[in-house]
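Participant: okay, predicted coordinates and the sequence, questions at the end:
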Amino acid sequence: MQEVVPVNVTHRNSPDIRLLDALSAGNPSTRLQAALAVGTHADPGHVEALVARCAIEPSFFVRDMLTWALTRLPSEITVPRLRAELRSERAQARSQALHTLSKIGDSGAYPAITRSLLHDADDEVARSAWRAAVVLVPDGEQTALAAELAAQLGRGDRNVRLSLSRALVALGDVIEPALRAGRASDDPTVSAHARATELLLHDPDIEFDAAVDEAKRIVALGPERVEGTGC
C-alpha cells in the first residue's frame with residue numbers, strides 16, 4: 001500500500017527544514033539570516049513556523065525580520081493565523097501578532113482588536129494594540145476608538161503615555177471631545193496627559209516632555225490663571 005504523505009510535511013533532511021531549524025539557533029545572527037531567507041523565499045508553508053517563533057524570539061531585530069517575512073506571504077493565509085494568535089496566553093505572542101497585523105494593513109482584521117486587547121494588562125500588548133488599531137480602524141469608527149483610547153489617559157510610565165498620545169494624535173481632530181473629557185478629570189495625571197496630547201495634536205513639532213511640562217503647569221495653575229497671564 002502506498003504511503004500517504006500529508007501536505008506541507010517536508011523530509012527532515014531537506015534544506016527547507018534546516019532553514020526553519022535555524023530560526024531557533026543559539027546565535028541571533030543565524031536566526032536573523034534564517035528569517036531573511038524564509039521571507040525571501042516566501043513559502044506559505046512557513047507561516048506556522050514564523051508565527052510560532054514570533055511568540056518566543058528574544059531579539060527585537062529578529063522579531064522585526066520575522067514580521068517582514070510574514071508580510072511577504074498572502075494575507076489570506078497570515079491574517080487568520082495572526083488573529084488566532086491574539087488569543088494566546090503568552091503576552092509576546094499577542095504583541096507581535098498585533099504588530100504584524102499593523103504591518104500587513106488588512107482592515108478586515110480590525111474587529112479582532114478587542115477591547116480587552118486595547119486595555120491589556122501587559123503594557124507592550126496594549127501599546128501594540130493601540131498602534132494596530134489606529135492603522136486598521138475603518139472610516140466611521142475613529143471616534144469610538146478615540147474614546148476607548150482616551151479612557152486610558154494617565155496609564156503607565158512615560159513611554160506608555162507617549163505611545164498612547166501618538167496613537168490618539170494619529171486619529172486627528174476626532175479625538176478632541178475625548179481629550180476635553182480627559183482635561184476635566186479630577187485626577188491631575190489624567191488631566192495633564194490629556195492636555196499634553198492636545199498640545200501634540202495642535203503642534204506636532206513640540207517635544208512630548210515639553211508638552212507634559214506645559215500641561216502640568218496649566219493643571220497646577222488652573223486654565224483661568226494661565227489665560228489671565230497671557231501665556
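Facilitator: Looks like it came in fine.

Participant: which helix or strand contains the nearest residue to Phe208 once chain neighbours are set aside?
Facilitator: Closest residue to Phe208 apart from its sequence neighbours, by Cβ to Cβ, 6 or more residues apart in numbering: Leu162 at 5.1 Å. The way it works is simple: take the backbone N, C-alpha and C, and place the C-beta from them, glycine included. Element membership of Leu162 [criterion: DSSP states H and E] is helix 158-170.

Participant: what's the average pLDDT for the following helix or strand past that helix?
Facilitator: Going down the chain from helix 158-170, the next helix or strand is helix 176-183, by DSSP H and E. Mean per-residue pLDDT for helix 176-183: 95.

Participant: can you check stretch 104-124 too?
Facilitator: pLDDT averaged over stretch 104-124 gives 97.

Participant: equivalent analysis for stretch 127-143, please.
Facilitator: The model assigns stretch 127-143 a mean pLDDT of 97.

Participant: list the buried residues for it?
Facilitator: Judged by neighbour count using 16 or more other Cβ atoms under 10 Å, the buried positions of stretch 127-143 are 127-137, 142.

Participant: in the protein, which residue is most central in space?
Facilitator: For the chain, the residue sitting closest to the mean C-alpha position, by Cα atoms, centre = their mean, is Ser128 at 1.9 Å.

Participant: give me the spatial nearest neighbour of that one, chain neighbours excluded.
Facilitator: Ser128's closest residue in space is Leu98 (Cβ to Cβ, 6+ apart), at 3.9 Å.

Participant: what's the neighbour count on the one you found?
Facilitator: If you count neighbours by other Cβ atoms under 10 Å, Leu98 ends up with 29.

Participant: now Thr78
Facilitator: Thr78: 24 neighbours (other Cβ under 10 Å).

Participant: ok, for it, nearest residue in space, not its chain neighbours?
Facilitator: Closest to Thr78 by Cβ to Cβ, 6+ apart is Leu70, at 5.2 Å.

Participant: can you give me the pLDDT of the one you found?
Facilitator: 98.

Participant: repeat that for the one 4 residues further on.
Facilitator: In this prediction, Pro74 carries a pLDDT score of 96.

Participant: without its sequence neighbours, what residue ends up closest to it?
Facilitator: Pro44 (6.3 Å).

Participant: tell me how far that neighbour lies from Val174.
Facilitator: Separation of Pro44 from Val174 (Cβ to Cβ, to the nearest Å) stands at 38 Å.

Participant: this completes my enquiry, with thanks.
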